[in-house]
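> Sharing a model prediction with you, sequence too.
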Amino acid sequence: MTLPATGSTGSAAAGNLAPAAAQQPGFSVIVLTRDNRDEIAGLHQEVLAALAAWSQPYELIYVDDGSSDGTWAELVRISRSDPRVKAARMRSSFGEASALDAGVQMATGSVLLYFTCRVRIKPADALNLLRQIEAGEDVVIGVRHPRRDSGLNRVVSRLFNGLTNRMTKLHLHDVNSGVLALRREVLDHVPYYGTLNAFLPVLAHRQGYRIAEGMVEQLPGHFAQSLYPKNYLRRTLDLVSVLFLSKYSKKPLHFLGFIGALFTLTGAAINLYLFIYRILGFGGIAGKPMLLLGAILFIIGIQMISIGLLAEMIIFTHAKEIKDYNIEEIIN
Amino acid sequence: MSAHLQPDPSAPPYLSVVVPIYNEVESVERLWQAIHPVMEGIGKSWEVILVDDGSRDGTRAILRRLAAAHPQLRVILFRANFGQSAAMAAGFAATRGEIVVAMDGDLQNDPLDIPNLLDKMAEGYDVVSGWRKNRKDKLVLRKVPSKIANKLICSLTDVRLHDTGCSLKAFRGEMLRRIALYGELHRFIPALMRIEGAEIAELPVRHHPRRFGTSKYNLSRTFRVVMDLTSIRLLMKYLVNPLVFFSALMFFFLLCGIGSLTALLYMVIGRGAPLGEMNVLLTLTVVFWTAAVQFFFFGLIGKLIVTTGTRKTFLQIGQ
């Protein structure tokens, strides 16, 4: 899976932390906020203190995902005080993926660090993830540890990580921690629209990028309620679509054809049985619910195959825009 | 020695050779040593493009070294393993040659056949496919399934070849760069070229037994090949008008619906059975009619897809 039609050649050389040009920042820190009016000033001080340990030029970007509580006014005040701080505001709440996208559009650094205020982590720990990027990793996920969260959230989160690892054959401890450091070029090749940002590491791994993890301490506070269980249901659906997209988006008939064939054959077998039953004179079949089952399975099967064919048509007619691969380097 | 043939290194060469490579550490250097003299001998400008599909066995280091020493060798390194279709697609996209030759990286194809392919191409064909007349594989495991698959692929894709599975093929570059390879469609390149309107010929080629590494063949592919085949077959037939295909399905279910409606009416009116006891027939009728209507709309969606798609060359089918 790559972003369609971006026109990028993918030939970017394996980029390192760009040796910072005069005013170009070496890295960009993107912080997502939403209804954090009271915390934002304190957080900003912590981030600045952590950034003081870094000699490279940086930029700090706050993206406000449609706060309604005066967070934006705070951000405006903060960004006026420091030229390295930018702030952007979403017109209304579009979700973290869109806010992240807005931040990425503004960012000029070749390495990005992104975290959301919702998880209340120690900014200094998040910045430390950049060290692993310097060491050659492409994506570094912050693992919240020690984690300060409600027991229920922790259990659900654990189940979710287990499910993700099982389905993706990765060994990640906190897939959706909301803290991520990565090279900018990764985002050129990995789709993160919708709510897929939660699976950025998984998608990046499929494209062959190097994934690592680093510890970030989560701070106590009333923010600790970071995710509600109902979100996990949605995330699980997202996981399924991520797997479908990354595995079958170029060959939908392999998947839909298989399921469809299963249904069709079952339905056909049932109807064949009923047909023989009727022919041999065991009795009428018009009143048998089994007839209905057979017919419906048969129809569903054929419909699935048809949907698979439609999907193949979509892919076939757009295939020239879709790149199925990710080139690391072209020599000569 | 061919320097005078390429006065301008940026000018597109006459011949591009594309070889996908995956974990071929033992054979990649021999492959280059086999291709290089053949290229030097054809008397035209050339380039060789080796596409590494995310090898993890040291192949990449050898490729880097070879590419550093030979400017006419271009190497594309994938970030991960994306499959043979992707490797060939990337290689084809990088070609600039008037003629493009594709072959396997496992030394089973012989580069010495390339000049013969070029001669055949000069007769005006758009695709010349290799035909391994004397296959050097174990009989049962490779030859028989391959024979069956070949028959099936040929009869369904309207391409008359003895051996579609042979990787050694020559293509008209400009036409090849128009097709899109994705998924696992590398097996159907002649069919895809046929959709573009290609004239296809074949030529007996040499075939050597595998000396290094293991064959990447397994029988579990069958289902996927059959699915791809179905898809290609239907695309070839109905890409211009998918409504025809889905209308056929619609009529089938419409007939079923009419049949079960007739049975229902017969039971209720003819035999005087109470309608309340005819749940199964009643539901069946409704389901059939619903399905028929749905297939009609599938057809409309199909029509919508192909007419709004970016691919406009499909009108060439049937030329």
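On my side now, so go ahead. Numbers count the residues shown, from 1 in each chain, chains lettered A, B, ... in the order given.
> is any part of stretch A:126-145 close to chain B?
No. Figure legend: stretch A:126-145 not in contact with chain B (Cβ under 8 Å from any Cβ of the partner chain); closest approach 9.2 Å. (Each C-beta comes from the backbone N, C-alpha and C, glycine too.)
> three-state assignment of the closest residue to chain A within the stretch 101-250 of chain B?
Closest contact between the stretch 101-250 of chain B and chain A, by Cβ to the nearest Cβ, is at B:A180 (3.3 Å). Three-state call for B:A180 (DSSP: H, G, I helix; E, B strand; the rest coil): coil.
> Could you report the neighbour count for it?
22 (other Cβ atoms under 10 Å in any protein chain shown).
> residues touching whichever residue of the stretch 101-250 of chain A sits closest to chain B, list them.
At 2.7 Å from chain B, A:G208 is the closest residue in the stretch 101-250 of chain A, using Cβ to the nearest Cβ. A:G208 sits next to A:326, A:328, B:54, B:78-81 when contact means Cβ atoms under 8 Å, 6 or more residues apart in numbering or on different chains.
> what does A:T33 give?
So A:T33 contacts A:40, A:62-65, A:67, A:71, A:75, A:116-117 (Cβ under 8 Å, 6+ apart).
> Could you tell me which ranges of the stretch 201-332 of chain A sit under the pLDDT cut-off?
A:221-231 (pLDDT under 70).
> Quick one: the helices in it, in order.
All helices of the stretch 201-332 of chain A, identified by DSSP state H, counting those that start in this stretch, fall at A:229-248, A:252-279, A:289-318.
> who does the longest one touch, helix- and strand-wise?
In this structure, helix A:289-318 makes packing contacts with helix A:252-279, helix B:222-238, helix B:242-265, helix B:279-308, judged by 3 or more Cβ pairs under 8 Å, 6 or more residues apart in numbering or on different chains; DSSP states H and E.
> Out of the ones you listed, which gets nearest to B:G272?
helix B:242-265 (11.8 Å; Cβ to Cβ).
> Tell me the helices and strands packed up against the closest one.
Partner elements for helix B:242-265 (3+ Cβ pairs under 8 Å, 6+ apart): helix A:289-318, helix B:222-238, helix B:279-308.
> Just the buried residues of it, please?
The neighbour-count check on helix B:242-265 (16 or more other Cβ atoms under 10 Å in any protein chain shown) flags B:242-243, B:245-247, B:249-250, B:253-254, B:256-257, B:260-261, B:263-264 as buried.
> Run the angle between it and helix A:289-318 for me.
170 degrees (axes from the mean of the first three to the mean of the last three Cα atoms, to 10 degrees).
> tell me which parts of the stretch 1-150 of chain B are close to chain A?
B:54, B:63-64, B:67-68, B:70-83, B:85-87, B:89-90, B:94.
> now with 7 Å?
B:54, B:64, B:67, B:71, B:73-80, B:82, B:85-86, B:89-90 (Cβ under 7 Å from any Cβ of the partner chain).
> What's the PyMOL line that selects buried ones from these?
Buried members of these can be picked out in PyMOL with the line below, counting by 16+ other Cβ under 10 Å:
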select buried, chain B and resi 54+67+73+74+75+76+77+78+79+80+82+85+86+89+90
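> Which residue in the chain shows the largest distance from the geometric centre?
You didn't pick a chain, so chain A it is. A:G281 (59.0 Å; Cα atoms, centre = their mean).
> Wait, chain B was what I had in mind.
Quick read of chain B (Cα atoms, centre = their mean): farthest out is B:G272, 59.1 Å.
> which residue packs closest to the residue nearest in space to the middle of chain B, ignoring adjacent ones?
Of all residues in chain B, the one closest to the mean position by Cα atoms, centre = their mean is B:F188, 2.5 Å from it. Using Cβ to Cβ, 6 or more residues apart in numbering or on different chains and skipping residues adjacent in sequence, the residue nearest B:F188 is B:I232, 5.2 Å away.
> How much space separates the residue of the stretch 101-250 of chain A closest to chain B from B:P209?
For A:G208, the distance to B:P209 equals 33 Å [Cβ to Cβ, to the nearest Å].
> same check, this time on B:G299
Taken as Cβ to Cβ, the span from B:G299 to B:P209 is 50 Å.
> which of these two has more neighbours?
More crowded of B:G299 and B:P209, by other Cβ under 10 Å: B:G299, with 23 against 10.
> Turn the helices and strands packed on helix B:242-265 into TSV, including distance to B:E174.
Shown next, in TSV, are the helices and strands packed on helix B:242-265 (distance: least, Cβ to Cβ, whole Å):
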stretch	distance to B:E174
helix A:289-318	20
helix B:222-238	21
helix B:279-308	24
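> can you tell me which helix or strand whichever residue of the stretch 1-150 of chain B sits closest to chain A belongs to?
Closest contact between the stretch 1-150 of chain B and chain A, by Cβ to the nearest Cβ, is at B:A80 (2.7 Å). Under the criterion DSSP states H and E, no helix or strand holds B:A80.
> And the lowest-mean-pLDDT helix or strand in chain B, what does it pack against?
Least confident helix or strand, chain B: helix B:144-157 with a mean of 80, by mean pLDDT, DSSP states H and E. Here helix B:144-157 is seen to pack against helix B:222-238 when contacts are counted using 3 or more Cβ pairs under 7 Å, 6 or more residues apart in numbering or on different chains; DSSP states H and E.
> Remind me what the helix it packs on packs against, helices and strands.
helix A:252-279, helix A:289-318, helix B:144-157, helix B:189-195, helix B:242-265.
> Can you name the residues in contact with it?
With Cβ atoms under 7 Å, 6 or more residues apart in numbering or on different chains as the test, helix B:222-238 has contacts from A:253-254, A:257, A:309, A:312-313, A:316, B:149, B:152-153, B:156-158, B:183-185, B:187-188, B:191, B:195, B:244-245, B:317.
> buried subset of the residues you listed?
For those, buried by 16+ other Cβ under 10 Å: A:253-254, A:257, A:309, A:312-313, A:316, B:149, B:153, B:156-157, B:183-185, B:187-188, B:191, B:195, B:245, B:317.
> Count the residues that sit near residue 42.
Here I'm looking at chain A. 10.
> I was after chain B.
15.
> Look up which helix or strand the closest residue to it other than its chain neighbours falls in, please.
Nearest residue to B:I42, sequence neighbours excluded (Cβ to Cβ, 6+ apart): B:P115, at 5.8 Å. Using DSSP H and E, B:P115 sits within helix B:114-121.
> just checking, next helix/strand downstream of that helix?
By DSSP H and E, the next helix or strand past helix B:114-121 is strand B:127-132.
> Let me know the angle separating that next one from helix B:114-121.
Using the same axes, to 10 degrees: strand B:127-132 against helix B:114-121 is 130 degrees.
> Mean confidence (pLDDT) on stretch B:66-75, please.
Mean pLDDT, computed over stretch B:66-75, is 94.
> Please put the alpha-carbon coordinates of that stretch into CSV.
Provided in CSV are the C-alpha atoms of stretch B:66-75 (Å, rounded to 0.1, in the frame of the first residue of the first chain):
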residue,chain,number,x,y,z
LEU,B,66,28.3,-4.9,-9.6
ALA,B,67,26.4,-1.7,-10.2
ALA,B,68,29.4,0.4,-9.0
ALA,B,69,31.6,-1.3,-11.6
HIS,B,70,29.1,-1.3,-14.6
PRO,B,71,27.3,1.9,-15.5
GLN,B,72,24.9,0.0,-17.8
LEU,B,73,23.7,-2.1,-14.9
ARG,B,74,20.9,-0.4,-13.0
VAL,B,75,19.9,-1.8,-9.7
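> now it, how far from the chain's geometric center?
Remark: stretch B:66-75 is offset 28 Å from the chain centroid, using Cα atoms, centre = their mean, to the nearest Å.
> again with stretch A:165-173
The answer for stretch A:165-173 is 14 Å, by Cα atoms, centre = their mean.
> which other residues reach that stretch?
A:141, A:143, A:161, A:164, A:201-202, A:205, A:213, A:239, A:243.
> quick one: which of those has the most company?
Result: A:P201 is most packed of the contacts of stretch A:165-173 (other Cβ under 10 Å), 28 neighbours.
> Without its sequence neighbours, what residue ends up closest to B:P20?
Using Cβ to Cβ, 6+ apart, the closest residue to B:P20 is B:A87 (3.7 Å).
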